[in-house]
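Participant: fold the stuff below for me.
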Amino acid sequence: MKTSTLAKLRNYVLTASSWLFNTPERSLDQAYDAALMIKAIEDEHFQGSRISVRSDGFSSNVSSYFQAELRKYLNIARFRLTEFKASRLFVDLSNQTTNSFKSTNNSPEQLAYEARDKAAIILEKLRFIDEVLARYSPQRPAPIPQAPPTTSLVPVAPTLPTRVENPNNTNEWVRSSTVPAPATKVDKASEGPNIVPRSILRTFIRLRRDLDPKSEAEVVENFRNTKARTIISIRFILLVILIPLLTQQVTKNFFIGPVVDRFRDHKSAEIFLNPDMEEEAFIDLQKFEERLKFKSLIGTAPRLTGEDIETQVKERAVELAREYSDRSANAIKNVFADLLSLIAFACVITASKREIAVVKAFMDEVVYGLSDSAKAFIIILFTDIFVGFHSPHGWEVILGGVSRHLGLPENHDFIFLFIATFPVILDTVFKYWIFRYLNRISPSAVATYRNMNE
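Facilitator: Predicted coordinates for the structure are as follows:
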């Protein structure tokens, strides 16, 4: 039995090592296949050009399908290329290729030729993947030099936050604060004495824009862009929440749990991971014994002898030992499952830089579109929850729950130190954000916040 277990363990190790050593080549092949799929869609439906939502001849549903396929294959290619680069830190692909060739009965010249051929294939795949990804990678705009300070008495048009659409990515919106507001005829009219009030001029400009034949197409295009941005933002937020949770639950119940249960013997393993568990079990056992004696004395239960009480207490002790042993094993499973969920969260964030830019623009539009009273209410709500007078009790409950989840003892000194420092740091960050950014963007919201806070 022991020999079969060792043989199975050796097979597991060999399988895992083989999978690890094949990771670079496997990741590169998957990234290359995804790039080939993108290239096939370009050649078949877009005459070899970029996949764009603005292409004529496609309905909105067809364009959405192509965009979904593009996002899927881009994510696969980027993720697998990142996996290829990371695995190269641990596995040398050239040495692996050479070792695989050495297993054959070829001459040294033939081995060298095959190794060079393999390296050329790898470089060709990387070049093709980079060419495909470069067509859909956002380009950073060149920095715009700041205008020198002016002493002119004529007010200068402020820079407005505008929505800039990246030409290399049809579904990416970024909010730029460095794009100046376009000069209009109203600005030119303000340079000299106004015969007609500017409000009337703005009204005429608005009417002319409404009567423009192209205005309807612009409204429809803006609606499509807003709809696509909202869908991308909501989907990304759901993925950020669901993927780590599903990773934690699936790995804990189907992968980590069986491994921990297999290698952790309940008879020889420690029942309690920390003194807090042990103290809690002893208190529970003591309360059970006192409850039996109390019921026996008041006559609500049959009168028990000392041996009967000891027998029931012993049975309860066995149940508590099994219960706390399961809790200890569950805490060990939580540690590894949480680590894997953090890795999954990091992978989602790393592979979704475009979606993050879209979500940022979406959140800016939602937050800055609120009224001043709503902004002040949200700020007061969050500050009172996290840094308010009653927040230390909430932080204590959160830290205690995290400690029990991971099987760690509750260190009251650390909890009190955390409560004494972290809310203060959060309060400082809130105040800095309010008076540094919100005061510049929405001064009326800051004034409303002060009045409501007083």
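Participant: show me the shaky parts of this structure.
Facilitator: 1-6, 9, 13, 54-57, 89-115, 138-198, 266-268, 453-454 (pLDDT under 70).
Participant: nearest spatial neighbour of Lys125, skipping sequence neighbours?
Facilitator: Tyr32 (4.5 Å; Cβ to Cβ, 6 or more residues apart in numbering). C-betas here are computed from N, CA, C, even on glycine.
Participant: for that neighbour, the count of nearby residues, please.
Facilitator: 22 (other Cβ atoms under 10 Å).
Participant: please tell me how far it sits from Glu25.
Facilitator: Separation of Tyr32 from Glu25 (Cβ to Cβ, to the nearest Å): 10 Å.
Participant: domain ranges for this protein?
Facilitator: The chain breaks down by automatic domain parsing into domains covering 2-137, 162-197, 245-353, 370-453.
Participant: how about these, which one is nearest Lys214?
Facilitator: Comparing the domains of the chain against Lys214 with Cβ to Cβ, the closest turns out to be domain 2-137 (15.0 Å).
Participant: name the helices or strands packed onto the helix ranked longest in the chain?
Facilitator: The helix that spans the most residues within the chain, counting by DSSP state H, is helix 306-350. Using 3 or more Cβ pairs under 8 Å, 6 or more residues apart in numbering; DSSP states H and E, the elements in contact with helix 306-350 are helix 215-251, helix 257-263, helix 275-298, helix 391-406.
Participant: so how far is the third one off the chain centroid?
Facilitator: Averaged C-alpha coordinates place helix 275-298 at 45 Å from its chain's average position (Cα atoms, centre = their mean, to the nearest Å).
Participant: got the angle for it vs helix 391-406?
Facilitator: 90 degrees (axes from the mean of the first three to the mean of the last three Cα atoms, to 10 degrees).
Participant: what does helix 275-298 contact?
Facilitator: Helix 275-298 is contacted from outside by 272, 301-304, 309, 312-313, 316-317, 320-321, 324, 327-328, 407, 409-410, using Cβ atoms under 8 Å, 6 or more residues apart in numbering.
Participant: coming back round to it: distance to Ala217 for the domains of the chain - can I get that in TSV?
Facilitator: Output for the domains of the chain, formatted as TSV (distance: least, Cβ to Cβ, whole Å):
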stretch	distance to Ala217
domain 2-137	12
domain 162-197	15
domain 245-353	31
domain 370-453	30
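Participant: out of these, which is closest to Ile232?
Facilitator: domain 162-197 (6.4 Å).
Participant: so which strand or helix has Ala361?
Facilitator: helix 353-368 (DSSP states H and E).
Participant: what are the buried residues along that helix?
Facilitator: Arg354, Glu355, Ala357, Val358, Val359, Ala361, Phe362, Asp364, Glu365 (16 or more other Cβ atoms under 10 Å).
Participant: can I get those in a markdown table with distance to Phe79?
Facilitator: What follows is the buried residues of helix 353-368, written out as a markdown table (distance: Cβ to Cβ, whole Å):
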| residue | distance to Phe79 |
| --- | --- |
| Arg354 | 13 |
| Glu355 | 13 |
| Ala357 | 18 |
| Val358 | 18 |
| Val359 | 19 |
| Ala361 | 23 |
| Phe362 | 23 |
| Asp364 | 27 |
| Glu365 | 29 |
